[in-house]
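> When you get a sec, could you give me coordinates for this:
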Amino acid sequence: MVLTAVEIAASVRAGQLDPVQVTEEALERIAAADGVIGAFRRVRAEEALKEAAEVAARPDLASLPLAGVPVAVKDVTEVAGEYASHGSLAGPATRADADGVIAARLRAAGAVLVGLTRVPELCIWPMSDTPDGIARNPWDPTYAAGGSSGGSAAAVAAGLVPLAHGSDGMGSVRLPAAMCGLVGLKPGADLLAEGGWFGMSVHGPLATTVADTALLLSVLADAPSLASVAPPSPVRIGMTTTVPLLRTPVPKELVAAVSTAAGHLAAAGHAIDPAAPRYPATMVLGMTARWLAGPAVQAREFDASRLQRRTRAHVRAGRLVERAGLLRPRTRDRWVERAEEFFASHEVLLTPTLSHWPVKAGRWHERGWLANVLPSTRLAGFTGQWNFAGYPAITVPAGRSVVSGLPTSVQLVARPGGESLLLGLAAQLEAANPWPRTARN
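Coordinates of the predicted model:
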């Protein structure tokens, strides 16, 4: 069994594990499995071993929170000596002279960056395939691992690495985490803003345990206190399984997971009642406008003739949205007012993470725009509105489908600043209903 990040770091700090050996073992797992799983766009084998040796020689080794922990990084952030492809062959391939904030914080904490994980072009879709590979669900490789942090989720769920960095603009951490049976946290916009999609996108952690999730979050956010997970005082939790506004049917096993989680939380002393925000009709229009226009802005730095067919259509739609003036601050303000109304009487909202089962793995990048949009919107009904509002949300494993064997999950949402509360509730669910950490188990 692959050790958790907490266990690896503690053993390295105590001199019981060698970071080079830990990295060698991670690289061996990647070499053995990634030909099937397709998690990585690039494996940094030689560089990672050199970095692991440097970690072992650091004079501050005994104080490093991620001492010697192999970490996968989503292919969207600056890593010295690498280029971020954003899943595209159309972008600049200029290698970064220095680490960006995320890589710098990981290295400062003692992490070893073993590779860059696969993403769909411009991170638009909840399936992560590119011309050179497909990120597959380790629980059943005939299914997609999700997206856009699908490669990161696949790497952790397959037990290749204990931790991965992701980013979330419409559910891109939570959706693949839910599909692959992981904990995935989208911080509030005030904590780890990524800068894209008009403020909707944030960085976030993917892990197999709540403790590992908290540890990685604390490093990414440069907030050590977030690593401590404490049982929360009793809170009031609203519960709903109805897709906001669209009211499309949710599979029974995904609905049942919410009821089961509600029972565990009630047994832990929390008050549960059926309740949901009053979602304004303009909410869907506002977040969809940003989902369209965000990649259109990013695509200005790309060669449009080399973009995938689905991406070119998406970018055209985004530019129409911009020209039509549909990126209206008032749309978000109205939604935030409704969210604040709900959270005035509830500390947390409990929902499914997925509104439908994952799609099959395949070469989705070769299909047209509508062929990608329809399944994407079908499964992401519970996530994007919290990017739009800027509220933190976490997905937590709940079990496995008796029909497909795929993981089931739930989502918890809190008001801004509620990341520690979400981690505490997730830890209570983990204690009440332990899940298999990886598909290897």
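
> excluding its backbone neighbours, what's nearest R310?
W369 (4.6 Å; Cβ to Cβ, 6 or more residues apart in numbering). In this view, the C-beta of every residue, glycine as well, is placed from N, C-alpha and C.

> what secondary structure does A153 sit in?
helix (DSSP: H, G, I helix; E, B strand; the rest coil).

> just to revisit the earlier point, pLDDT score for the residue nearest to R310?
pLDDT recorded at W369 is 98.

> now do R440
78.

> hey, where'd the strands end up in the stretch 301-441 of the chain?
348-351, 393-400, 407-414 (DSSP state E, counting those that start in this stretch).

> Turn those into TSV, including mean pLDDT and mean neighbour count.
Output for the strands of the stretch 301-441 of the chain, formatted as TSV (pLDDT from 0 to 100; neighbours: other Cβ atoms under 10 Å):
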stretch	mean pLDDT	mean neighbour count
strand 348-351	99	25
strand 393-400	98	27
strand 407-414	98	27
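
> before we move on, which element is the residue of the chain most remote from its centre in?
What lies farthest from the middle of the chain is P59; by Cα atoms, centre = their mean that is 32.9 Å. Secondary-structure assignment from DSSP states H and E places P59 in no helical or strand segment.

> Distance check, it against A380.
Separation of P59 from A380 (Cβ to Cβ, to the nearest Å): 46 Å.

> what are the ranges of the helices in the stretch 151-300 of the chain?
Taking DSSP state H, counting those that start in this stretch as the criterion, the stretch 151-300 of the chain carries its helices at 174-180, 210-220, 252-267, 282-298.

> For my notes, please list the strands of the stretch 301-441 of the chain in JSON lines and give distance to C123 for each entry.
JSON lines is the format used below for the strands of the stretch 301-441 of the chain (distance: least, Cβ to Cβ, whole Å):
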{"stretch": "strand 348-351", "distance to C123": "23"}
{"stretch": "strand 393-400", "distance to C123": "18"}
{"stretch": "strand 407-414", "distance to C123": "20"}
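
> Surely the residue nearest to R310 touches V315?
No. In terms of Cβ atoms under 8 Å, W369 does not count as a neighbour of V315; the distance is 10.0 Å.

> Next, count neighbours for S85.
20 (other Cβ atoms under 10 Å).

> How many neighbouring residues does the residue lying closest to it once chain neighbours are set aside have?
Counting by Cβ to Cβ, 6+ apart, S85 lies nearest to D75, which is 5.4 Å off, once chain neighbours are set aside. Neighbourhood size, D75 [other Cβ under 10 Å]: 28.

> Over to R328?
13.

> can you check P131 too?
With other Cβ under 10 Å as criterion, P131 counts 12.

> go on, L245?
14.

> And for A193?
15.

> Show the model's pLDDT score for it.
So, for A193, pLDDT stands at 94.

> residues touching the closest residue to it other than its chain neighbours, list them.
Spatially, and ignoring its direct neighbours in sequence, A193 is nearest to V202 (5.6 Å; Cβ to Cβ, 6+ apart). Neighbouring residues of V202 by Cβ atoms under 8 Å, 6 or more residues apart in numbering: 167-169, 186-189, 191-194, 387.

> and what of G133?
Counting by Cβ under 8 Å, 6+ apart, G133 touches 38, 41, 118.

> The host helix or strand of the second one pairs with which strands?
R41 is part of strand 40-43, with elements assigned from DSSP H and E. Strand partners for strand 40-43, identified by DSSP bridges, are recorded as strand 112-117 (antiparallel).

> next one: the partner strand to chain centre, how far?
16 Å (Cα atoms, centre = their mean, to the nearest Å).

> now swap in stretch 195-215 and tell me
For stretch 195-215 - counting by Cα atoms, centre = their mean - the centre lies 6 Å from the chain centre.

> Okay, R437 and T77: tell me how far apart.
26 Å.

> Against L185, how distant is G418?
11 Å.

> who touches both of the two?
P392.

> Neighbour count for these two, which is higher?
More crowded of G418 and L185, by other Cβ under 10 Å: L185, with 32 against 24.

> Around A431, how many other residues sit close by?
Burial of A431 is recorded as 12 neighbouring residues (other Cβ under 10 Å).

> repeat for the one 4 residues further on
Neighbourhood size, W435 [other Cβ under 10 Å]: 21.

> dump the residue contacts of it.
181, 397-399, 407 are the contacts of W435 under Cβ under 8 Å, 6+ apart.

> same thing with T4?
So T4 contacts 162, 208-209, 211-212, 437 (Cβ under 8 Å, 6+ apart).

> Next, give phi and psi for it.
Geometry field for T4 lists phi and psi as phi -70, psi 160, criterion degrees, to the nearest 10.

> how near is it to M127?
For T4, the distance to M127 - Cβ to Cβ - is 28 Å.

> cool, and D212?
25 Å.

> neighbour count winner among the two?
Set D212 next to M127 and count neighbours by other Cβ under 10 Å: M127 wins out with 29 against 26.

> got the domain boundaries for the protein?
Annotated domains of the chain cover 5-227, 236-281+326-432 [automatic domain parsing].

> Output the below-cut-off pLDDT ranges for this protein.
1, 441 (pLDDT under 70).

> Would you mind saying which of the strands of the stretch 301-441 of the chain lies nearest A154?
Nearest of these to A154, taken as Cβ to Cβ: strand 407-414 at 12.7 Å.

> Can you list the strands that the closest one pairs with?
By DSSP bridges, strand 407-414 pairs with strand 348-351 (antiparallel), strand 393-400 (antiparallel).

> can you redo the ones you listed as TSV with distance to L374?
Shown next, in TSV, are the strands paired with strand 407-414 (distance: least, Cβ to Cβ, whole Å):
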stretch	distance to L374
strand 348-351	22
strand 393-400	23
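
> Out of the ones you listed, which is closest to A414?
strand 348-351 (5.4 Å).

> hmm, back to that, wait, which of the contacts of V202 is closest to I134?
Nearest member of the contacts of V202 to I134, counting by Cβ to Cβ, is S167, at 19.9 Å.
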